[in-house]
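*Asks:* missing the sequence, but the structure's below:
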């Protein structure tokens, strides 16, 4: 009897799934078996299946919005800080540095050491410098900035991932570059050869005429 009930339930579910809007009938045949069908029978009873629950699939625009939000969250997680320490240790903030050739050397420390998948670069006044130092397992790194003009500059160390994206910045430093200028007082004639002293004039000899006569 229990097996018959299970079988009957399975048949009923199959009929229900096959045609949600069709009427289902049930009766007992001459062998005492319970029969279900979507076709009427003289001795059949109609079975009320109740209201049909339907689920509307999400619209394409809603799915695209969800995908965009997931990508945005993933990108936000990747841009989180990955180094507990990223700092320029030399020179110091607001320091005046003499660099006659416009070259400045930075010492940058990272903790943990810079990953082999990352590059360390310098950002000067909001623009990335050319040199990039790859991760080599060290905590201290040397960065060189070339062709700096005389005056004040804002310098930041940045970590760049394999896609070229900046994932972390150090605190900015204000650096003052000093370069020797030829326009400084006392240096205008520094590169000229010294003049020979004038020869003494013989006594009682009149000075040469400047008129040419």
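*Replies:* Arrived safely. Given the structure is predicted, the values throughout are model-derived calculations rather than measurements. Numbers count the residues shown, from 1 in each chain.

*Asks:* quick check: residue 168 vs residue 110, distance?
*Replies:* Distance of residue 168 to residue 110, given as CB to CB, to the nearest Å: 9 Å. C-betas here are computed from N, CA, C, even on glycine.

*Asks:* ok, those two, which is more surrounded?
*Replies:* residue 110 (24 against 17; other CB atoms under 10 Å).

*Asks:* who are the contact partners of the more buried one?
*Replies:* Neighbouring residues of residue 110 by CB atoms under 8 Å, 6 or more residues apart in numbering: 83, 85-86, 120, 139, 141, 159.

*Asks:* do that again at 7 Å, thanks
*Replies:* Residues in contact with residue 110 (CB atoms under 7 Å, 6 or more residues apart in numbering) are 83, 85-86, 139.

*Asks:* tell me the strands beside the lengthiest strand in the chain, with direction?
*Replies:* Taking DSSP state E as the criterion, the chain has its longest strand at strand 151-160. In the sheet, strand 151-160 lines up against strand 119-124 (antiparallel), strand 166-169 (antiparallel), strand 173-178 (antiparallel) (DSSP bridges).

*Asks:* just to revisit the earlier point, so which of the contacts of residue 110 belong to helices?
*Replies:* Using DSSP state H, no member of those falls within helices.

*Asks:* and those residues, which of them are buried?
*Replies:* Burial by neighbour count, judged by 16 or more other CB atoms under 10 Å, picks out 83, 86 from these.

*Asks:* on that earlier part again, common neighbours of residue 168 and residue 110, please.
*Replies:* By CB under 7 Å, 6+ apart, the residues touching both residue 168 and residue 110 are 83, 86.

*Asks:* now the strands for this structure?
*Replies:* 24-28, 34-37, 45-47, 85-90, 95-98, 104-111, 119-124, 127-134, 140-145, 151-160, 166-169, 173-178.

*Asks:* and those strands, which one is worst for confidence?
*Replies:* Per-stretch mean pLDDT for these is lowest at strand 45-47 (a mean of 73).

*Asks:* tell me what that strand is packed against?
*Replies:* For strand 45-47, the packing partners by 3 or more CB pairs under 7 Å, 6 or more residues apart in numbering; DSSP states H and E come out as strand 24-28.

*Asks:* sheet partners, orientation included, of the strand it packs on?
*Replies:* strand 34-37 (antiparallel), strand 45-47 (antiparallel).

*Asks:* the domain parsing of this protein - what is it?
*Replies:* 2-47, 85-178 (automatic domain parsing).

*Asks:* count the residues that sit near residue 29.
*Replies:* Based on other CB under 10 Å, the number of other residues close to residue 29 is 10.

*Asks:* heads up, I number from 2, so please use that
*Replies:* Done: numbering now begins at 2, and the last item shifts to residue 30.

*Asks:* next one: it from residue 37, what distance?
*Replies:* Distance from residue 30 to residue 37, by CB to CB: 11 Å.

*Asks:* residue 56 is nearest to which of the strands of the chain?
*Replies:* The closest of the strands of the chain to residue 56 is strand 25-29. By CB to CB, the value is 21.9 Å.
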